[in-house]
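A.B. asks: I need the structure of the sequence given here:
(one chain, ligands or ions: 2)
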Amino acid sequence: MSSSSRAVARLSRVAGHIATSKPSTRLSSSSAAAIKMTHTRKHKVAIIGSGNWGSAIAKILAENTKQHTDIFEPEVRMWVFEEDYQLPSSHAAYSESEHSKPRKLSELINQLHENVKYLPGVPLPENLVADPSILSAVKDASLLIFNVPHQFVSKICDQINGNILPYARAISCIKGVDVSHEGISLFSDVIGRKLGIYCGALSGANIASEVALEKFSETTIAYDPPGTLTPLPEEFPVINHALWKSLFHRPYFHVSMIHDVAGTSLGGALKNVIAIAAGFVDGKGWGDNAKAAVMRVGILEMRKFGLMFFDSCKSETFTEESCGVADLITSCAGGRNHKCAKLSVLQKRPIEEIENEVLNGQKLQGTLTAKEVNEFLKARGKEDDFPLMTIVHKILIGQAKVEDIPHVI
Ligand SMILES: NC(=O)c1ccc[n+]([C@@H]2O[C@H](COP(=O)([O-])OP(=O)(O)OC[C@H]3O[C@@H](n4cnc5c(N)ncnc54)[C@H](O)[C@@H]3O)[C@@H](O)[C@H]2O)c1
Ligand SMILES: O=P(O)(O)OC[C@H](O)CO
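C.D. replies: Ligands and ions are numbered 1, 2, ... in the order given. Predicted coordinates for the structure are as follows:
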């Protein structure tokens, strides 16, 4: 084992996340029936985050808590990073007396049942309550769903540390990695370590706007808790694969449950870097064959990265699950990272300028991830093992050109 993978394995153990070689499980859509009905308490669900994906997932959660009231409290709290928002006069609910000035986004969401800024045009269930106080949002929640751009996670965990149920369990829907001088960590591990709870991961080929419009897609949830957690009181329904499936699965959003948290998280994080390369190639107008070459090399580098640095990572997660190759394909076709990279080539402008101009407050994850992954690889002398991810970072910082991409394919 290399020194870096030893360091990573140490970090994983500190986080209490030691992967096993358990096989993946695929559950039937009637998994709610598989949950024993001997409990007297129900799970309360909170979602931390209300951006584009945060709101789309919150909609799913609220639909399912309303449907499975034997397992879940119907009300879902959604933490909103508060901001003022001016409702456009073209909005159907606009009234001169109420909306002529900017209003708090959380108030608008609760009044209109729509996240008018980050998921406009999509009705949200009325049992979804926007909450600008993070402590109030997570209070008494036994199921915590983290869904914010990855750069904000650490601070959020610091804010809620000590204010959550000790037996809560979490799922991270975040696509990114945490790089520090100690090494690289999955956000599921960061959340678990900072809060002293267990956190699994959800990731898949899931463009938020499509999921929100209930166009069919599938996703992967990885959940593999160690046996050393603060026990869940017996009054609650047990938190297992069947329970998570009841919370996330919809007729239009199919869930595959597996145990490989590292592979699931890394697929979502690293494809964002490859999607930038695909956007560069499309910006140049090199065609679908060139983009396919980028995607082929991209999935190989993603898998190599996982297997080299995370002991628990499984090859098949990248090739067989939605969080692997399928997410890479959709992101290289219709994702924000691809779109902004393409526009930056077409308009010959930095990608950050494009991000600020066209995303209306939504955040790219690939630019920061390219930098973070490069820092990690460079410190270990491994840049040459990952030439595509390395060249993307160099193009972003002006040390290479898009024309250099074919040389690393
Ligand atoms: N949008 C998608 O299609 C999609 C799909 C799957 C996964 N993801 C992943 O889900 C995660 C969340 O993405 P998203 O699309 O919901 O977010 P987003 O891109 O819409 O980002 C905007 C959100 O960030 C919040 N924010 C801004 N500044 C903040 C701060 N200082 N502290 C805390 N929050 C702040 C905003 O209030 C808003 O809720 C990301 O890791 C992303 O890669 C996104
Ligand atoms: O829009 P992107 O590039 O952040 O990608 C969105 C999702 O991750 C696609 O699965």
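
A.B. asks: how about the residues of the stretch 1-150 of the chain that lie near ligand 1?
C.D. replies: By CB under 6 Å from any ligand atom, the part of the stretch 1-150 of the chain that sits against ligand 1 consists of 49, 50, 51, 52, 53, 54, 81, 118, 147, 148, 149, 150. For the C-beta atoms, the positions are set from N, CA and C on the backbone; glycine is no exception.

A.B. asks: ok, so of these, who is nearest residue 129?
C.D. replies: Nearest to residue 129 among these is residue 50, at 11.0 Å by CB to CB.

A.B. asks: Can you tell me the SS state at the closest one?
C.D. replies: Of the three states, residue 50 takes coil under DSSP: H, G, I helix; E, B strand; the rest coil.

A.B. asks: again with residue 384
C.D. replies: Taking three-state DSSP, the label given to residue 384 is helix.

A.B. asks: Walking through the stretch 201-350 of the chain, point out its helices one by one.
C.D. replies: 208-212, 241-248, 261-284, 288-309, 315-320, 327-334, 336-347 (DSSP state H, counting those that start in this stretch).

A.B. asks: out of these, nearest to ligand 2?
C.D. replies: When the helices of the stretch 201-350 of the chain are compared for distance to ligand 2 using CB to the nearest ligand atom, the nearest one is helix 336-347, at 3.3 Å.

A.B. asks: still on that earlier bit, filter the residues of the stretch 1-150 of the chain next to ligand 1 down to the buried ones, ChimeraX style.
C.D. replies: Of these, the buried ones can be selected in ChimeraX as follows, counting by 16 or more other CB atoms under 10 Å:
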select :49,50,51,52,53,54,81,118,147,148,149,150
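
A.B. asks: Now the helices of the stretch 201-350 of the chain in a markdown table, please, with extra columns for distance to residue 44 and mean neighbour count.
C.D. replies: Shown next, in a markdown table, are those (distance: least, CB to CB, whole Å; neighbours: other CB atoms under 10 Å):
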| stretch | distance to residue 44 | mean neighbour count |
| --- | --- | --- |
| helix 208-212 | 23 | 20 |
| helix 241-248 | 12 | 23 |
| helix 261-284 | 24 | 29 |
| helix 288-309 | 34 | 19 |
| helix 315-320 | 31 | 18 |
| helix 327-334 | 30 | 22 |
| helix 336-347 | 32 | 22 |
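
A.B. asks: Could you say which one of those helices comes nearest to ligand 1?
C.D. replies: Once those are compared by CB to the nearest ligand atom, helix 208-212 is nearest, at 3.3 Å.

A.B. asks: neighbouring contacts of the closest one?
C.D. replies: 52-53, 55-57, 59-60, 119, 122, 217, 252-253, 334 (CB atoms under 8 Å, 6 or more residues apart in numbering).

A.B. asks: where does the protein come near ligand 2, residue by residue?
C.D. replies: Near ligand 2, when you scan the chain using CB under 6 Å from any ligand atom, you find 175, 205-207, 272, 275, 327, 330-331, 335-337, 365.

A.B. asks: Please repeat the previous calculation with a cut-off of 8 Å.
C.D. replies: When proximity is defined as CB under 8 Å from any ligand atom, the chain approaches ligand 2 at 52-53, 175, 203-208, 268, 271-272, 275, 327, 330-331, 334-339, 364-366.

A.B. asks: Pick out the residue nearest the middle of the chain.
C.D. replies: residue 174 (2.5 Å; CA atoms, centre = their mean).

A.B. asks: mind checking the SS state of it?
C.D. replies: Going by three-state DSSP: residue 174 is coil.

A.B. asks: Run a quick neighbour tally on the nearest residue to it once chain neighbours are set aside.
C.D. replies: Take residue 174 and drop its neighbours on the chain: the residue closest to it by CB to CB, 6 or more residues apart in numbering is residue 187, 4.5 Å away. Per other CB atoms under 10 Å, the neighbour tally for residue 187 reads 25.

A.B. asks: List the contacts of residue 187.
C.D. replies: 146, 150, 153, 172, 174, 176, 177, 178, 199, 201, 265.

A.B. asks: closest point of the protein to ligand 2, which residue?
C.D. replies: Counting by CB to the nearest ligand atom, the chain gets nearest ligand 2 through residue 335, at 2.8 Å.

A.B. asks: wait, that residue sits on residue 205?
C.D. replies: No - with contact defined as CB atoms under 8 Å, residue 335 does not count as touching residue 205 (9.7 Å).

A.B. asks: just to revisit the earlier point, per-residue confidence at the residue of the chain closest to ligand 2?
C.D. replies: pLDDT, residue 335: 98.

A.B. asks: so who does it touch?
C.D. replies: 207, 272, 275.

A.B. asks: In a markdown table: those residues, plus distance to residue 227.
C.D. replies: Output for the contacts of residue 335, formatted as a markdown table (distance: CB to CB, whole Å):
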| residue | distance to residue 227 |
| --- | --- |
| 207 | 37 |
| 272 | 33 |
| 275 | 38 |
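
A.B. asks: Please list which of those residues also come close to ligand 1.
C.D. replies: 207, 272.

A.B. asks: Quick one: name the residues of the stretch 151-300 of the chain near ligand 1.
C.D. replies: 151-152, 155-156, 173-176, 203-204, 206-209, 211, 268, 272.
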